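Enquirer: okay, predicted coordinates and the sequence, questions at the end:
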Amino acid sequence: MRPIRRTALVLAVACLGLAAGAAAQGGDAARTRDVQRLQEELANLDAELNDLEPGDGKTEEFRERAEEIREEAIYLKVKMRRHARRSGEGTGVDYDEVEELRRSIADLREDIEDSFERRDGGAARLPEGTEIQVRLDEPLSSRTARREDRFEASVFRPVRSGNRTAIPAGTRVRGVVREAEPAQRPSRSGRLELSFDSILLDRSRLDLRASVTAVSDDGEQRPGTAEKAGIGAVLGGVLGGILGGKKGALVGVVIGGGGAVAATKGEDVELPAGTIVTLRLDRPLEVPRR
């Protein structure tokens with residue numbers, strides 16, 4: 001064999017060895033959005049589990065599978081937390097790990113729906129006053145926002161109608177800036193007025209009329225409305241750190257009943273990506289069944 005060909009062969013073998021080693025260490029890194037989708041799927045699974053009949057044989061089987069999913073979610077949480085403590089960039093977990101767990105969740109939810117015949121063709125009606133929590137996809141600031149600016153968010157917790165999920169977590173919601181006033185130091189506070197006007201569900205666009213009633217950086221509900229913490233809460237703290245921990249803190253509180261968010265005197269309203277916004281329906285919403 002000629003020396004050049006021999007050298008090329010050695011290099012090729014070496015490259016294959018490096019590729020195999022990289023594959024053994026893990027695939028592509030999961031993005032923040034990938035982990036966020038996983039949290040949303042965990043929240044949707046919680047909603048399904050909450051309505052299972054106790055004592056039923058199938059219920060016990062499903063809860064055992066859910067517990068395995070919880071353990072896998074905790075494993076990912078530990079990896080993410082250790083990675084964050086080392087000041088590493090990104091999530092610290094592999095895309096394949098996240099997707100495998102999402103597939104397990106989807107399989108379990110489908111089995112639950114099939115076993116308990118939770119699928120039908122009727123519409124769900126959410127009455128006026130129903131609250132929906134959404135998570136901002138992008139930061140909003142009274143310093144830079146302009147009237148009629150569009151923005152997007154995703155449903156943070158599933159919205160239930162009877163014993164079914166009407167709006168799953170992760171559903172896309174669109175909003176618009178109605179008014180924006182930058183701060184003027186030292187006395188004038190920044191102000192944002194937000195409105196949410198549409199929701200995208202199963203490729204359908206539904207008209208939405210909802211007002212902002214609260215903003216938070218952790219999705220905590222007000223006393224008396226919080227549900228029992230489930231699997232969906234496992235990733236909450238560590239994911240919140242990844243989403244907003246390095247991008248500034250939330251500044252602003254809701255004032256009045258029109259969805260206006262104001263800051264303290266001389267400060268601008270700052271709503272980082274990941275901010276949880278609570279909406280209240282201004283009129284009933286008809287949601288087609290999946």
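Expert: Yes, it's here.
Enquirer: ok, Ser204 - contacts?
Expert: Pro288 (C-beta atoms under 8 Å, 6 or more residues apart in numbering). C-beta coordinates here come from the backbone N, C-alpha and C atoms, glycine included.
Enquirer: where's it relative to Gly129, distance?
Expert: As defined by C-beta to C-beta, to the nearest Å, Ser204 lies at a distance of 23 Å from Gly129.
Enquirer: strand partners (parallel or antiparallel) of the longest strand along the chain?
Expert: With secondary structure taken from DSSP state E, the chain has its longest strand at strand 204-216. Strand 204-216 has the following strand partners under DSSP bridges: strand 191-201 (antiparallel), strand 276-281 (antiparallel).
Enquirer: now do the helices in the stretch 51-200 of the chain.
Expert: Counting by DSSP state H, counting those that start in this stretch, the segments of the stretch 51-200 of the chain that form helices are 57-85, 95-115.
Enquirer: quick one: contacts of the shortest one?
Expert: Surrounding helix 95-115, the residues in contact under the criterion C-beta under 8 Å, 6+ apart are 26-31, 34-35, 37-38, 41-42, 44-45, 48-49, 52, 58, 62, 65-66, 68-69, 72-73, 76, 118-119.
Enquirer: buried only: go through these for me.
Expert: 30, 34-35, 37-38, 41-42, 44-45, 48-49, 52, 62, 65-66, 69, 72-73, 76, 118 (16 or more other C-beta atoms under 10 Å).
Enquirer: where does the stretch 51-200 of the chain dip in pLDDT?
Expert: 116-121 (pLDDT under 70).
Enquirer: the residue nearest to Glu270 when sequence neighbours are not counted: what's it in contact with?
Expert: In space, and not counting its chain neighbours, Glu270 is closest to Val251: 4.2 Å by C-beta to C-beta, 6 or more residues apart in numbering. The contact partners of Val251, by C-beta under 8 Å, 6+ apart, come to 263-264, 267-271.
Enquirer: quick check: the gap between Val251 and Leu271.
Expert: With C-beta to C-beta as the criterion, Val251 and Leu271 are 8 Å apart.
Enquirer: before we move on, what about Glu100?
Expert: In terms of C-beta to C-beta, Glu100 sits 33 Å off from Leu271.
Enquirer: and if you look at Ser104?
Expert: Ser104 is 34 Å from Leu271, by C-beta to C-beta.
Enquirer: between those two, which has more neighbouring residues?
Expert: Leu271 (26 against 17; other C-beta atoms under 10 Å).
Enquirer: what's the pLDDT at that one?
Expert: pLDDT, Leu271: 93.
Enquirer: for burial, what's the neighbour tally of the spatially closest residue to it that is not a sequence neighbour?
Expert: Spatial nearest neighbour of Leu271, chain neighbours left out: Leu140 (4.4 Å); criterion: C-beta to C-beta, 6+ apart. Residues within reach of Leu140, counting by other C-beta under 10 Å, total 25.
Enquirer: residues contacting Leu140?
Expert: Neighbours of Leu140 in contact, by C-beta under 8 Å, 6+ apart: 151, 177, 192, 194, 269, 271, 275.
Enquirer: any chance of the residues you listed in TSV, plus distance to Pro288?
Expert: Formatted as TSV, those follow (distance: C-beta to C-beta, whole Å):
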residue	distance to Pro288
Phe151	25
Val177	29
Leu192	32
Leu194	26
Val269	35
Leu271	31
Thr275	29
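Enquirer: from those residues, which is closest to Arg289?
Expert: Phe151 (28.4 Å; C-beta to C-beta).
Enquirer: contact partners for the closest one?
Expert: 136-138, 140, 174-177 are the contacts of Phe151 under C-beta under 8 Å, 6+ apart.
Enquirer: if we use 6 Å, what do you get?
Expert: 138, 175 (C-beta atoms under 6 Å, 6 or more residues apart in numbering).
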